[in-house]
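just need the structure, nothing else, for what follows:
(2 chains)
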Amino acid sequence: DTGVSQDPRHKITKRGQNVTFRCDPISEHNRLYWYRQTLGQGPEFLTYFQNEAQLEKSRLLSDRFSAERPKGSFSTLEIQRTEQGDSAMYLCASSLAPGGTYNEQFFGPGTRLTVL
Amino acid sequence: GDSVTQMEGPVTLSEEAFLTINCTYTATGYPSLFWYVQYPGEGLQLLLKATKADDKGSNKGFEATYRKETTSFHLEKGSVQVSDSAVYFCALSLHPLMNSGYSTLTFGKGTMLLVSP
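Numbers count the residues shown, from 1 in each chain, chains lettered A, B, ... in the order given. Next up is the predicted model:
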């Protein structure tokens, strides 16, 4: 098991461009989370999948943000028409959970986005 | 809403000094509490956790006790090492049954620890 991986590790883009990040969770994990971490702040929850179902997306920052997990394995986070305020570290985490219990979330190394 | 407040850093200590990083929380119900650590260039790692009042989480010489009466979960270590230099995050999670069936983490802003030889 290699843990949670994210790609790319760094992304520099110009304002107005679209970007897509990928997260590969630990293989047997059925839950996947996306967080955003800005400088000097703790991670902030964005969205959550159980298998391929996106069960919580009300915390996505705007309608420019979207996420998918089409086959219940890897996930992508897309930001359309990027703005300078989108510059941040985007973290992915996964966990294995039966219903009704907390399970440890394992975090990936993050994708650092810089919007020029 | 739920929130976590940590002492601001950086905390600068000499090797073998005693460490305390304060953490208090506000939450509906009785959350689980966590300390995560982030080493430079790496992802967050769970350091320790406590799931109910008076529980003590411990790992790698670090300890924290869940104090419901003071809504606190302070991190302590008796003798820090240079390798402990990192950013430490306190976090809480509501029980999934109280949070629409899933548990997400609410983090504090993090406290940077710098340990010098």
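
residue of chain A closest to chain B, please.
residue A:42 (3.0 Å; C-beta to the nearest C-beta). Yep, even glycine has a C-beta here, placed from its N, CA and C like the rest.

contacts only, for that residue.
Neighbour list for residue A:42: B:4, B:89, B:91, B:107, B:108, B:109, B:110 [criterion: C-beta atoms under 8 Å, 6 or more residues apart in numbering or on different chains].

between the residues you listed, which is nearest chain A?
For the contacts of residue A:42, the nearest to chain A is residue B:107 (3.0 Å; C-beta to the nearest C-beta).

for that closest one, give the beta-bridge partners.
Residue B:107 forms beta bridges with residue B:91, as assigned by DSSP bridges.

now do residue A:7
Residue A:7 has the following beta-bridge partners by DSSP bridges: residue A:22.

neighbours of it, just the number please.
Residues contacting residue A:7 under the criterion other C-beta atoms under 10 Å in any protein chain shown number 14.

check what pLDDT the closest residue to residue A:5 other than its chain neighbours gets.
Leaving aside its chain neighbours, residue A:5 sits nearest to residue A:24 (4.7 Å; criterion: C-beta to C-beta, 6 or more residues apart in numbering or on different chains). As predicted, residue A:24 sits at a pLDDT of 97.

pretty sure residue A:96 contacts residue A:32?
No. Residue A:96 is not in contact with residue A:32 according to C-beta atoms under 8 Å; the separation is 10.8 Å.

the two: who's more crowded?
The neighbour comparison of residue A:96 against residue A:32 (other C-beta under 10 Å) goes to residue A:32, with 28 against 14.

ok, whatever helix or strand the more buried one lives in near chain B or not?
Using DSSP states H and E, residue A:32 maps to strand A:31-37. Yes. Using C-beta under 8 Å from any C-beta of the partner chain, strand A:31-37 reaches chain B at A:31, A:33, A:35.

near the second one, how many other residues are there?
What it means is residue A:33. Neighbour tally, residue A:33, other C-beta under 10 Å: 25.

for it, which residues make a bridge with it?
Beta-bridge partners, per DSSP bridges, of residue A:33: residue A:48, residue A:93.

OK, contacts around it?
A:45, A:46, A:47, A:48, A:49, A:92, A:93, A:94, A:95, A:105, B:104.

quick check: the two most widely separated of the residues you listed?
Farthest apart among these by C-beta to C-beta are A:46 and A:95. That separation is 15.5 Å.

which residue packs closest to residue A:78, ignoring adjacent ones?
For residue A:78, the spatially nearest residue (C-beta to C-beta, 6+ apart) is residue A:20, at 4.7 Å.

pull the CA atoms of the helix or strand containing the one you found into PDB?
Residue A:20 belongs to strand A:19-24 when assigned by DSSP H and E. Written as PDB, here are the backbone C-alpha positions of strand A:19-24 (Å, rounded to 0.1, in the frame of the first residue of the first chain):
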ATOM      1  CA  VAL A  19      -7.300  23.100 -13.800                       C
ATOM      2  CA  THR A  20      -7.900  19.500 -12.800                       C
ATOM      3  CA  PHE A  21      -6.300  17.600  -9.900                       C
ATOM      4  CA  ARG A  22      -6.300  13.900  -9.400                       C
ATOM      5  CA  CYS A  23      -6.400  11.900  -6.200                       C
ATOM      6  CA  ASP A  24      -5.800   8.100  -5.900                       C
END
